[in-house]
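> need a structure here:
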Amino acid sequence: MEARCLAELNVVPVEAAVTEPVYTRSMKGTQLLSLKEVPLKLSLPATSVAVERAVKDVTQAAAACSSSRERDGLIFQLAESREKVPYKSRNKVMSS
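Sure thing, here's the model as predicted:
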C-alpha cells in the first residue's frame with residue numbers, strides 16, 4: 001500500500017489488525033455492533049501519527065510558555081494554522 005497523504009500512513013485494514021484499538025476496548029458488545037450502523041466519531045486523534053503530532057505540539061508549547069493559558073493558546077494556534085494550510089501546500093512551502 002502506498003500512502004498518498006500523512007493520514008493514510010497508519011490506516012490498517014481490520015483483517016490485518018493484531019490487537020483491538022484502544023478506543024473500542026471498553027465498549028460492550030451491543031455498542032460495538034451499533035458501530036455497523038452509526039460510525040464511531042472521535043474528538044481525539046485516533047492514528048498514532050496524529051497522536052505523535054499532538055504530543056510534539058504540547059511538548060513544544062510547554063517548553064515555550066510559562067502559563068497554562070499561553071500554552072493552550074499556542075496549541076490552539078498550531079492546530080488552527082495546520083487546518084488552514086492543506087497538506088500538499090505545506091510540502092510546497094517547506095520545499096521553497
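> Specify the local secondary structure of residue 63.
Three-state assignment for residue 63 (DSSP: H, G, I helix; E, B strand; the rest coil): helix.
> ok, it - how many residues close by?
Number of residues near residue 63 (other CB atoms under 10 Å) recorded here: 8. Every C-beta, even on glycine, is put in place using the N, C-alpha and C of the backbone.
> for residue 61, same thing?
Residues lying near residue 61 (other CB under 10 Å) number 19.
> That one touches residue 77, doesn't it?
No - if you go by CB atoms under 8 Å, residue 61 and residue 77 don't touch, sitting 9.2 Å apart.
> Identify the contacts common to those two.
Between them, residue 61 and residue 77 share no contacting residue under CB atoms under 8 Å, 6 or more residues apart in numbering.
> Quick check: mean pLDDT of stretch 17-29?
Averaging pLDDT along stretch 17-29 gives 80.
> Buried ones in that stretch, by neighbour count?
Within stretch 17-29, no residue counts as buried by 16 or more other CB atoms under 10 Å.
> again, but for stretch 61-69
Result for stretch 61-69 [16+ other CB under 10 Å]: buried residues residue 61.
> end to end, how far does that stretch reach?
One end of stretch 61-69 sits 11 Å from the other (CA to CA, to the nearest Å).
> mean confidence for that stretch?
The average of the pLDDT scores along stretch 61-69 is 90.
> Show me the contact partners of that stretch.
So stretch 61-69 is in contact with 70, 71, 72, 73, 74, 75, 78, going by CB under 8 Å, 6+ apart.
> please redo it, this time with the cut-off set to 7 Å
Stretch 61-69 has contacts (CB atoms under 7 Å, 6 or more residues apart in numbering) with 71, 74, 75.
> Just the closest of these to residue 52, please.
Among these, residue 75 lies closest to residue 52 (CB to CB), at 14.7 Å.
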